[in-house]
Structures are given as structure tokens and as C-alpha cells.
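Asks: Got a predicted model here, sequence first, then my questions.
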Amino acid sequence: ISNNTSIIQEEVVVMSNKVYQMVTDRIIQELESGNIPWRKPWTSCTLSSNVAYNRITRKPYSILNQMLLGQPGEYATYKQWTSLGGHVRKGEKSSFVVYWNMLDVEEKDDNGELQKKQIPFLRYYNVFHISQVDDVSPLEEENVQSDVNEFDLLTSAEEVLEAYVDREHLRFVESETSEAYYSPTKDEVVVPCRSRHISINEFYSTAFHELVHSTGHHNRLGRLVECRDAAFASDEYSKEELIAEIGSATLLNFLGVETSETFKNSSGYIQGWLAALKSDAKLIVSASGKAAKAVDFILNQNITK
């Protein structure tokens, strides 16, 4: 392998790590302000105004980018707004969104033969919200081509829960105890019965959290294999808990059952995630990506991009 290839790979790693840190710093900033980024609406199936989307493609951003942008509505790059006749006002501060790019490289295998492979790395670009732009009118809501409009088979939280449990032959138990957990060995979700929750919305918040955990079973997405031997409160378990938190929040908002009661916002809760994020710059990127896959798996749809 040439020295040039090694240098390029090293540069890509450095660049990618910089973007990881940018993302983590943005989420930490929100948490330190008392805001929980994954609480914000990002995939509402009823109101396109609750979704952050690109003005040109008219498609919603990914779960992670929804959290980074912080508010719904139309976004585009400076060049894209200009192409529409818009003018970004002087002094306006841009937001950023991230995406994966691939680097094609060749490396020698154990036999000394060159093998082609692709290395994924994280990139970003800057965007502006339509509220920062003059001379462009907002799109009519019906013209926003959100993928979630295709979701017309299941229309309620209960139907989603029942359909997933039936499809996956998952054991779902509503218990008189106060425990909520998913058992990979039994492939069983246990949640306190509905009467033990403050509201039905809280019940679904608990249920979806555990259902997201269940998507990690080795017969589904295989995620829990990575942390089956990990100790409680380890990095592996922290990541899995964040996946379940983001996944549950996404499902609640998508199905229209999100309320202020369905989210924990205690100081201890926020401080716990701050500590986890500060110790692992890749945590939020990895967890949000896996949460998106879990949501798609539960809904049996591809709604998260």
C-alpha cells in the first residue's frame, strides 16, 4: 500500500473525528441548556410543519439531523437558497447537518494482494432555515413529500404495538409489578400494566422503550450481541439505553402520543447523559443511527433516512 493512501486514510479519520465532536458538542449544548434533543418532534406523520426537511429535495432529514437542527421547517444551503432567488440575511448563523461519505481505497491482504474496500467517514455541510431568508415563500404543506405519508397501514400506537409483537412472536406481558424490562433470553418484554401509569401516553412510552430494546435480539437486528456480557452502566449499556430513548421518542412523536409527561427531564437524567456523551464523542451518532433502524424495524417501514 502506498504512503499516499495511508496519509489519505489518516486525514479522513481526523476529519471524521472532528465532525463527531461537532455533533456531540451540539447535543451537549442542548442538554446543558436543560433541553433534551430527542424530545423534539422530528417525524410527525400528520403535520409536515413538525419536520425539518430540505427545501430542494422536500424530504425530511435523518433523526440525528432533526436533533441537530433544533426546529422544524425548510432548510437549504446558501447556494440552494440563492438558486431559488432567496437572500440569506447578513449576520445569520448557519446550522449544520451530517451525512456519510465513502472513501475508496486499496489495501494489501495477508497474501500481499491488493483488495478494494470502502471506508465510511462523517461529513457535514451548513444550512439555513427559511426564517433566515428573504424573498422566498414557504412551500404549501401538501407539497412536502415526506416519506411518512406512505405510512397508512397502522394508525395508532396500539396497532403498532400489536402488529410488531404478533409479527415477531414476541412475548409481551403487562405486569402488576413496577418493573419494565426486555429479556433477550426469553425474548420477552415486561411492562407495568396500564393502570399503574399516570397516563396511557406514559404506558406507550415505557412499552416502546422496551420494544426498541427487543429489536436488538440476535434474530432481528443483532445489536444486543455487542453488549450481552457488558456490565451494568458500561459504555455498551449506555449506548443501548440511548438507542431505546431516541427510538421510543421517535415512535411517540410519529404516532402523535407524545406529551410532556412522557419524557424524563430531571437534573440527574440530564447529567447522566452529559457524562456519557462527554466520554464518547461517537455515542450520539451511533445511537441515533441504530435507533432509526429500530424504528423502521418496529414499523416494518423505511421512514427514517
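Replies: Arrived safely, thanks for sending. Residues are numbered from 1 along each chain as shown.
Asks: Which parts of this protein are strands?
Replies: 52-54, 73-76, 87-88, 95-108, 114-129, 133-134, 171-175, 181-183, 188-192 (DSSP state E).
Asks: so which of these gets nearest Ser6?
Replies: strand 95-108 (9.4 Å; Cβ to Cβ). The way it works is simple: take the backbone N, C-alpha and C, and place the C-beta from them, glycine included.
Asks: Which strands or helices does the closest one pack on?
Replies: Identification of packing neighbours for strand 95-108 by 3 or more Cβ pairs under 8 Å, 6 or more residues apart in numbering; DSSP states H and E yields helix 3-32, helix 63-69, strand 114-129.
Asks: Need the winner for burial among those.
Replies: helix 63-69 (a mean of 24; mean count of other Cβ atoms under 10 Å).
Asks: So which other helices or strands are in contact with it?
Replies: Counting contacts by 3+ Cβ pairs under 8 Å, 6+ apart, helix 63-69 packs against helix 3-32, strand 52-54, strand 95-108, helix 283-299.
Asks: okay if I get the ones you listed as TSV plus mean pLDDT?
Replies: Shown next, in TSV, are those (pLDDT from 0 to 100):
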stretch	mean pLDDT
helix 3-32	86
strand 52-54	91
strand 95-108	86
helix 283-299	94
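Asks: Reformat those as CSV; add distance to Ser195.
Replies: Below are the helices and strands packed on helix 63-69 laid out as CSV (distance: least, Cβ to Cβ, whole Å):
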stretch, distance to Ser195
helix 3-32, 33
strand 52-54, 37
strand 95-108, 43
helix 283-299, 24
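Asks: Nearest to Gln80, out of those?
Replies: Distance to Gln80, taken as Cβ to Cβ, is lowest for strand 52-54 among those, at 8.0 Å.
Asks: List the contacts of the closest one.
Replies: Contacts with strand 52-54, where a contact means Cβ atoms under 8 Å, 6 or more residues apart in numbering, come from 42, 59-61, 65-66, 69, 71-76, 80, 127, 144, 146.
Asks: Ok, which of the strands of the chain comes nearest Ile198?
Replies: strand 188-192 (11.0 Å).
Asks: Just give the closest residue to Asn65, not the sequence neighbours.
Replies: Spatial nearest neighbour of Asn65, excluding adjacent residues (Cβ to Cβ, 6 or more residues apart in numbering): Val97 at 4.3 Å.
Asks: give me the beta-bridge partners of that neighbour?
Replies: Under DSSP bridges, the beta-bridge partners of Val97 are Tyr125.
Asks: ok, now Gly73?
Replies: Beta bridges link Gly73 to Ala52 when assigned by DSSP bridges.
Asks: before we move on, the earlier item: quick one: the residue nearest to Asn65 and Pro60 touch, right?
Replies: No - contact criterion Cβ atoms under 8 Å: Val97 and Pro60 do not qualify, at 11.4 Å.
Asks: More neighbours: which of those two?
Replies: Shown here are Val97 and Pro60; by other Cβ atoms under 10 Å, Pro60 has more neighbours (26 against 21).
Asks: Distance of the more buried one relative to Val285?
Replies: Using Cβ to Cβ, to the nearest Å, one gets 18 Å for the distance from Pro60 to Val285.
Asks: ok, now Ser205?
Replies: 24 Å.
Asks: Who has more neighbours out of those two?
Replies: With neighbours defined as other Cβ under 10 Å, Ser205 and Val285 compare such that Ser205 has more, 24 against 20.
Asks: Do I have it right that that one meets Ser248?
Replies: Yes - at 6.0 Å, Ser205 and Ser248 qualify as touching, with contact defined as Cβ under 8 Å.
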